[in-house]
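# Sequence isn't available, so here's the structure alone:
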């Protein structure tokens with residue numbers, strides 16, 4: 001049974017930082033591209049960042065987070081991270097991690113095979 005468990009969310013002031021983690025089990029982690037998405041109230045789930053499973057593959061980010069967020073992975077720990085710096089109120093959302101077998105950089109919700117339950121990030125102004 002595949003499980004993705006996000007953690008690290010919370011309440012932070014504008015300009016602050018958070019580091020999200022997503023621990024995976026029940027799959028061969030190194031064979032999956034991993035993505036972070038977010039969903040604000042009343043909005044659709046949107047792409048944030050992705051890191052491919054192919055060694056040497058490049059990461060990709062939504063324009064709204066480029067230069068502020070960094071995605072990384074530790075295959076030995078079956079974990080993907082999202083370092084979020086210079087947070088803004090518009091970053092407030094539930095953040096989800098997803099796993100996809102595609103070797104490319106999937107950015108669409110329907111491309112992902114598995115999802116976590118999400119972790120809330122709230123940025124106060």
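Nice, thanks for sending it over. Since this is a predicted model, take the numbers as computed values, not measurements.

# residues near the nearest residue to residue 112 once chain neighbours are set aside, how many?
Leaving aside its sequence neighbours, residue 112 sits nearest to residue 98 (C-beta to C-beta, 6 or more residues apart in numbering; 3.7 Å). For glycine as for every other residue, the C-beta is placed from the backbone atoms N, C-alpha and C. Residues within reach of residue 98, counting by other C-beta atoms under 10 Å, total 24.

# what's the spacing between residue 98 and residue 38?
The gap separating residue 98 from residue 38 is 11 Å, by C-beta to C-beta, to the nearest Å.

# rewinding a little: now do the contacts for the residue nearest to residue 112.
By C-beta atoms under 8 Å, 6 or more residues apart in numbering, the residues touching residue 98 are 4, 34-37, 109, 112-116.

# ok, and the most crowded of the residues you listed?
Result: residue 35 is most packed of those (other C-beta under 10 Å), 29 neighbours.

# wait, that one sits on residue 53?
No - if you go by C-beta atoms under 8 Å, residue 35 and residue 53 don't touch, sitting 11.2 Å apart.

# which residues does the residue nearest the centre of the chain contact?
Nearest residue to the geometric centre of the chain (C-alpha atoms, centre = their mean): residue 36, 2.1 Å. Taking C-beta under 8 Å, 6+ apart, we find residue 36 in contact with 20, 22, 48-50, 71, 80, 82, 95-98.
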